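A.B. asks: pasting the sequence and the predicted model now:
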Amino acid sequence: MSLVIPDEFLQTAHISEADLKLEIAILLFQQEKITLGTASQFAGMNQLGFQRVLGSRKIPIHYGIEDFRQDLRTLEANDWQ
């Protein structure tokens, strides 16, 4: 599924596409709907950079064994980097 955000929306919200993707990734990560790896990938960042953003916002990092396994599956499925 692809989601198209109209430029007018971004302009009205005074947010760039990259910043909106980051905010969505943070929100879904906080709600434990996606893993750290998936969130950082969606935001277009490496995990360390994403963790720094979370730290600057005082958002705790929850990362358990199942999160690790899911991240491994994601990386293997994407077969990149």
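C.D. replies: Right, received. Where do you want to start?

A.B. asks: use CA for all of it now, contacts and neighbours both
C.D. replies: Fine.

A.B. asks: in the protein, which residue is most central in space?
C.D. replies: Among the residues of the chain, the one closest to the centroid is A39, at 2.3 Å (Cα atoms, centre = their mean).

A.B. asks: what sits closest to that one if chain neighbours are left out?
C.D. replies: Excluding its sequence neighbours, the residue lying closest to A39 (Cα to Cα, 6 or more residues apart in numbering) is A25, at 4.8 Å.

A.B. asks: can you get me a residue count around the one you found?
C.D. replies: Applying other Cα atoms under 10 Å, we find 24 residues neighbouring A25.

A.B. asks: now do D19
C.D. replies: As a burial measure, D19 scores 13 neighbours (other Cα under 10 Å).

A.B. asks: run a quick neighbour tally on M1.
C.D. replies: 3.

A.B. asks: measure it to E66 for me?
C.D. replies: 25 Å (Cα to Cα, to the nearest Å).

A.B. asks: equivalent analysis for Q11, please.
C.D. replies: Here the criterion is Cα to Cα. By it, Q11 lies 38 Å from E66.

A.B. asks: before we move on, back to that, what residues are up against the residue nearest to A39?
C.D. replies: Applying Cα atoms under 8 Å, 6 or more residues apart in numbering to A25 gives the contacts 39-40, 42-43.

A.B. asks: what's F29 in contact with, if anything?
C.D. replies: Counting by Cα under 8 Å, 6+ apart, F29 touches 35-36, 39.

A.B. asks: closest one of those to K58?
C.D. replies: For those, the closest approach to K58 (Cα to Cα) belongs to L36, at 15.0 Å.

A.B. asks: in which helix or strand would I find the residue nearest to the closest one when sequence neighbours are not counted?
C.D. replies: Of all residues not flanking L36 in the chain, F29 sits nearest, at 6.6 Å (Cα to Cα, 6+ apart). Following DSSP states H and E, one finds F29 within helix 17-30.
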